[in-house]
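Peer 1: Sequence plus the predicted model coming up.
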Amino acid sequence: MLAMLYLPLAGVNIANGQDQPFLGAYMNIPRLFEPDATLPERERAIEQQLDTFQAGGLRVVMPYVTTTSGTALYPSEIIPARVYPSWDPLRVVIRAARERGLQVYPVTCVLACGKQEPQGILLRHPDWALRNADGRPIGHISPCHPQARDWVVSVHREIVARYQPDGLLLDYLRFNNRPMQLDPQGAAEFAKLVRESQTPPELQQYKEASLTELMRRISAAVRHQQPGIKVAIYSWGPHVTQNHRVAQDWKTWARQEYIDMVNVSGYCYPQNYGDRYLQVFEDRLRGALQINQALDRPIDVTLCLGIKTSHGQIDAATDVQDYLRIAQRLGVDGAAVFTWSYLQPYLEDIKRDGYFVAFQAGLTNRP
């Protein structure tokens, strides 16, 4: 019975065309329906949401399938905690998306597992957690721990094997951005390298190498499971590729062909950057594009358009046009909106004034 239940969803529908500009939205599954809705009501609500999604001009559904607290939004046999223990909303989302010719890129919170306190798998394996400045475990899986890396890779292999999505977007594939210490095993391995190497690595170099190894293994595992799948990451921008606390060297990941797309944060608002916010936004995108253009085989660089985030929020639909015009002029390959639920109050204005249509047309028709 379980084998029947978990057969991969077949028949990837690419009616909208893989070669069209990427235009999608991150999606929080619990916000697609009322919390007290019955299962049939939930499924109807998901279908109605995707009808609105498609009518709005979006073509890539990006549902979060794991959370920052270490829980799964699908019936995982690997992740110990599930949001819906006896229901598979991801399967419903993917089926409804494919019926509408929409692509699906599940989104994972790769290493986030509980913020300040360990949760999820870290309750079983606290030795896998990074430490804060005082040496106390935090809710963030260490990419330096070999068993932790094995587990993370297995989660992504499971998702791809079960659902056969068009792509996979990796969020929180980074170190914590606060002063921190490695997990005990990672710290011991680093100390061993320092003692034994004639040119001992610095801690920053070790962190970047550890995260790159995890990225390599995830990419290899999901592509072995499903050849041709697109692998994408979310990134803060060009500044994190070298000598940054988060150690996210996506330039190397792109060069080594571990990833096909980087979705660059566009979270620049008057609230966090004052009157310079659009210039900061433009500089960030331009820096990412310059890194990409220097590669032998460039990947796709897309904008993460933040409607409402912890950094700030837009005030009107016209703000969306401002960001998209700059991104189009610079030559990005598409955009992903964060998030679908935050976008909806502005969607009718965006449709009426054709912001998404103009953005896609500009990317499609560029020289």
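Peer 2: It's in. Residues are numbered from 1 along each chain as shown.
Peer 1: Now do the same contact list for residue 360.
Peer 2: Residue 360 is in contact with 20, 21, 23, 57, counting by C-beta atoms under 8 Å, 6 or more residues apart in numbering. (Each C-beta comes from the backbone N, C-alpha and C, glycine too.)
Peer 1: Now the terminal residues of stretch 140-147, how far apart.
Peer 2: 14 Å (C-alpha to C-alpha, to the nearest Å).
Peer 1: Need the contact partners of that stretch.
Peer 2: Here stretch 140-147 makes contact (C-beta under 8 Å, 6+ apart) with 110-114, 121-122, 125, 127-130, 148-149, 152, 175-176, 180, 182-183, 185-186, 189-190, 206-207, 210-211, 213-214.
Peer 1: and what of stretch 327-340?
Peer 2: With C-beta under 8 Å, 6+ apart as the test, stretch 327-340 has contacts from 21-28, 31, 49, 53, 58, 60, 62, 169, 261, 263, 266, 282, 285-286, 289, 300-309, 324, 343, 359, 362-363, 366.
Peer 1: and it, how far out from the chain's middle?
Peer 2: 14 Å (C-alpha atoms, centre = their mean, to the nearest Å).
Peer 1: circling back: which members of the contacts of stretch 140-147 occur in helices, if any?
Peer 2: Judged by DSSP state H, helices contain the following of those: 148-149, 152, 185-186, 189-190, 206-207, 210-211, 213-214.
Peer 1: From the residues you listed, list just the buried residues.
Peer 2: Buried subset of those (neighbour count, 16 or more other C-beta atoms under 10 Å): 148, 149, 152, 185, 186, 189, 190, 206, 207, 210, 211, 214.
Peer 1: can you list these in JSON lines and add distance to residue 228 and pLDDT?
Peer 2: Output for these, formatted as JSON lines (distance: C-beta to C-beta, whole Å; pLDDT from 0 to 100):
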{"residue": "148", "distance to residue 228": "28", "pLDDT": "98"}
{"residue": "149", "distance to residue 228": "24", "pLDDT": "98"}
{"residue": "152", "distance to residue 228": "22", "pLDDT": "98"}
{"residue": "185", "distance to residue 228": "35", "pLDDT": "97"}
{"residue": "186", "distance to residue 228": "33", "pLDDT": "97"}
{"residue": "189", "distance to residue 228": "35", "pLDDT": "96"}
{"residue": "190", "distance to residue 228": "37", "pLDDT": "97"}
{"residue": "206", "distance to residue 228": "33", "pLDDT": "97"}
{"residue": "207", "distance to residue 228": "31", "pLDDT": "98"}
{"residue": "210", "distance to residue 228": "28", "pLDDT": "98"}
{"residue": "211", "distance to residue 228": "25", "pLDDT": "98"}
{"residue": "214", "distance to residue 228": "22", "pLDDT": "98"}
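Peer 1: Closest one of those to residue 254?
Peer 2: Sorting these by distance to residue 254 puts residue 211 at the head of the list, at 14.0 Å, by C-beta to C-beta.
Peer 1: helix or strand for the closest residue to the closest one other than its chain neighbours, which one?
Peer 2: Excluding the flanking residues, the one nearest residue 211 by C-beta to C-beta, 6 or more residues apart in numbering is residue 143, at 4.8 Å. Assigning secondary structure by DSSP states H and E places residue 143 outside every helix and strand.
Peer 1: now do residue 279
Peer 2: Using DSSP H and E, residue 279 falls within helix 277-293.
Peer 1: tell me the angle the helix or strand that that helix is followed by makes with helix 277-293.
Peer 2: Of the helices and strands lying after helix 277-293 in sequence (DSSP H and E), the nearest is strand 300-306. Interaxial angle, strand 300-306 versus helix 277-293 (axes from the mean of the first three to the mean of the last three C-alpha atoms, to 10 degrees): 160 degrees.
Peer 1: And strand 300-306, what does it pack against?
Peer 2: When contacts are defined as 3 or more C-beta pairs under 8 Å, 6 or more residues apart in numbering; DSSP states H and E, strand 300-306 sits against strand 230-235, strand 261-265, helix 277-293, helix 317-330, strand 334-338.
Peer 1: So which elements touch the third one?
Peer 2: In this structure, helix 277-293 packs against helix 250-255, strand 261-265, strand 300-306, helix 317-330, with contacts taken as 3+ C-beta pairs under 8 Å, 6+ apart.
Peer 1: Buried residues of the helix holding residue 279, list them for me.
Peer 2: Neighbour counts over helix 277-293 (16+ other C-beta under 10 Å) mark 277, 278, 280, 281, 282, 284, 285, 288, 289, 291, 292 as buried.
Peer 1: coming back round to it: dump the ones in helices among the contacts of stretch 140-147 to TSV, plus distance to residue 199.
Peer 2: Output for the ones in helices among the contacts of stretch 140-147, formatted as TSV (distance: C-beta to C-beta, whole Å):
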residue	distance to residue 199
148	27
149	24
152	29
185	23
186	20
189	17
190	14
206	13
207	17
210	18
211	20
213	19
214	23
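Peer 1: what's the closest of the residues you listed to residue 81?
Peer 2: Distances from residue 81 to the ones in helices among the contacts of stretch 140-147, taken by C-beta to C-beta, are shortest for residue 152, at 15.6 Å.
Peer 1: residues near the residue nearest to residue 211, how many?
Peer 2: Counted by other C-beta atoms under 10 Å, the residues lying close to residue 143 total 29.
Peer 1: what separates it from residue 237, distance-wise?
Peer 2: From residue 143 over to residue 237 the distance is 20 Å, taken as C-beta to C-beta, to the nearest Å.
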